[in-house]
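Student: Mind looking at a prediction? Sequence and model below.
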Amino acid sequence: MKAADERRLLPGYIGLAIPRAWDRIPWDKLRGVVMVVGAVDTGKSTLIKFLWGQLAPHRRLAVVDADVGQATLGPPTTQTLRLASEEVPEEFPPRGRIARWFVGAISPRGHMLPTVIGVHRLTSLARRWGAETILVDTTGMVSPSVGGVALKWAKFDLVQPNVVIVLQRERELEPLIAPWRSVQRFVLVELPTSPLVRTRSREERIAWRQQRFRLYFRRARLLSVPLQAFSLLYDRTATAGGTVLVPGQLVGFLDRWGFLMALGIVRRIGDQNIEVFTPLRDLGRVAALRPGSIVLDEDYRDRRLSFRATAPSPSTVDASPTMSSPDASSPSSP
Ligand SMILES: Nc1ncnc2c1ncn2[C@@H]1O[C@H](COP(=O)(O)OP(=O)(O)OP(=O)(O)O)[C@@H](O)[C@H]1O
Ligand SMILES: [Mg+2]
């Protein structure tokens, strides 16, 4: 690392290498939604933390962690909005007001709509809660071949960021950002990654998710859920008739506005009730359940559920979820 690249900042930032080019960050313009975009392991989450530390003394801040795979503010499969706390606004992760959205998968692949909608709902809520700057951390899915470019463009259109900060090693984001340079719909800030960014292996990513799920469910208990009382929203098997939940399946308990109240793991399925392992203590404010697209084993390792739904024939309907091998979270899929 070149000496010129290193600059030590506030106590919380010791060890952070800030490239000189980051001087280009237009601090005055960081208002409204500020989206950070980059491939996996480019330092997106670290940049968010850095921006937070610099902006916290001056603005009412919120952060939306939209990375459902390597989530930093909540369990995987979810997106989390958090406001700065009133008492210690510079604290990160922040501990102010919170809201969550359930995507139900550990990658946006095959779940583009809930991913985009979640970012929109959470940033809208942050605005309503009075945040002046909303920092949005995103997944590293940026490759056009897996729909990453389409995903980010849809987010630009729906969420309408004021600023998009891109982090690149070389010019890997060119297909994503080139069309926006002349459009002037948002301020585009192009930054190089820090030389100190450390890449994480597939195993480390799996272990991270496992650890985050374990932490989330540490105080969970079994809760009996009368199925008749709740709609299963967005149930992929329902379109082919009937509903199939399987033991181990992750589900989200949603409030009446669609926000996530808590996650649960289906343990037993009866005729009338299902038993769900969840930190939720009662079903009081629950309006609906949303089945997730993964199952978790006893060790909180996730596997993807794929729904093979065949078109309904006059007499039978087949909509059976099958389990695939551990989700391929290769370095190119977050
Ligand atoms: N500017 C920096 N200085 C020093 N270390 C850094 C810097 N940026 C990132 N790192 C280190 O590199 C690793 C990856 O960074 P980070 O988690 O921010 O990347 P990311 O793009 O959010 O990754 P992912 O795609 O998994 O979400 C972390 O261990 C982090 O501490
Ligand atoms: Mg990250």
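Tutor: Yes, it's here. Ligands and ions are numbered 1, 2, ... in the order given.

Student: separation between Arg109 and Val146?
Tutor: 6 Å (C-beta to C-beta, to the nearest Å). Glycine gets a C-beta too; all of them are placed from N, C-alpha and C.

Student: If you could redo that for Gly270, that was the one I meant.
Tutor: 39 Å.

Student: if you count what's nearby, which of these two comes out ahead?
Tutor: Between Gly270 and Val146, counted using other C-beta atoms under 10 Å, the more crowded position is Val146 (15 against 11).

Student: Can you tell me how far the residue of the chain found nearest ligand 2 is from Arg200?
Tutor: Of all residues in the chain, Ser45 sits closest to ligand 2, at 3.3 Å by C-beta to the ion. As judged by C-beta to C-beta, Ser45 and Arg200 stand 11 Å apart.

Student: okay, the two: which has more neighbours?
Tutor: Ser45 (19 against 13).

Student: Pro175 belongs to a strand?
Tutor: No. Per DSSP: H, G, I helix; E, B strand; the rest coil, Pro175 lies outside any strand segment and is helix.

Student: Tell me which residues are up against the helix ranked longest in the chain.
Tutor: Longest helix in the chain, counting residues (DSSP state H): helix 112-128. Helix 112-128 has contacts (C-beta atoms under 8 Å, 6 or more residues apart in numbering) with 32-33, 62, 64, 66, 68, 79-81, 83, 99, 101-104, 108, 134, 136, 138-139, 147, 150-151, 154-155, 158-159, 234, 258-259.

Student: And the helices in the stretch 201-334 of the chain?
Tutor: 202-216 (DSSP state H, counting those that start in this stretch).

Student: got any ranges where it has weak pLDDT?
Tutor: 235-243, 307-334 (pLDDT under 70).

Student: Now with 80, please.
Tutor: 231, 233-244, 306-334 (pLDDT under 80).

Student: Now do the strands in it.
Tutor: 221-226, 231-232, 249-254, 260-269, 273-278, 288-296, 302-309, 319-326 (DSSP state E, counting those that start in this stretch).

Student: related to what we said a few turns ago, just the buried ones out of the contacts of helix 112-128, please.
Tutor: 32-33, 62, 64, 66, 68, 79-81, 83, 99, 101-104, 108, 134, 136, 138-139, 151, 154-155, 159, 234, 258-259 (16 or more other C-beta atoms under 10 Å).

Student: Point out the ones among those residues that are inside helices.
Tutor: Mapping the buried ones among the contacts of helix 112-128 onto helices (DSSP H) picks out 151, 154-155, 159.

Student: can you put those in TSV and add pLDDT and distance to ligand 2?
Tutor: Listed next are those as TSV, based on pLDDT from 0 to 100; distance: C-beta to the ion, whole Å:
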residue	pLDDT	distance to ligand 2
Leu151	96	16
Ala154	96	20
Lys155	97	16
Val159	97	18
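
Student: Quick check, Pro192 in contact with Arg171.
Tutor: No. The criterion here is C-beta atoms under 8 Å, and Pro192 misses it with Arg171 at 10.7 Å.

Student: Which one of these two is surrounded by more residues?
Tutor: Legend: neighbour count by other C-beta under 10 Å for Pro192 and Arg171, higher for Pro192 (16 against 10).

Student: show me what contacts the more buried one?
Tutor: Per C-beta under 8 Å, 6+ apart, neighbours of Pro192: 19, 21, 167-169.

Student: From those residues, keep the buried residues only.
Tutor: By 16+ other C-beta under 10 Å, the contacts of Pro192 give 19, 167-168 as buried.
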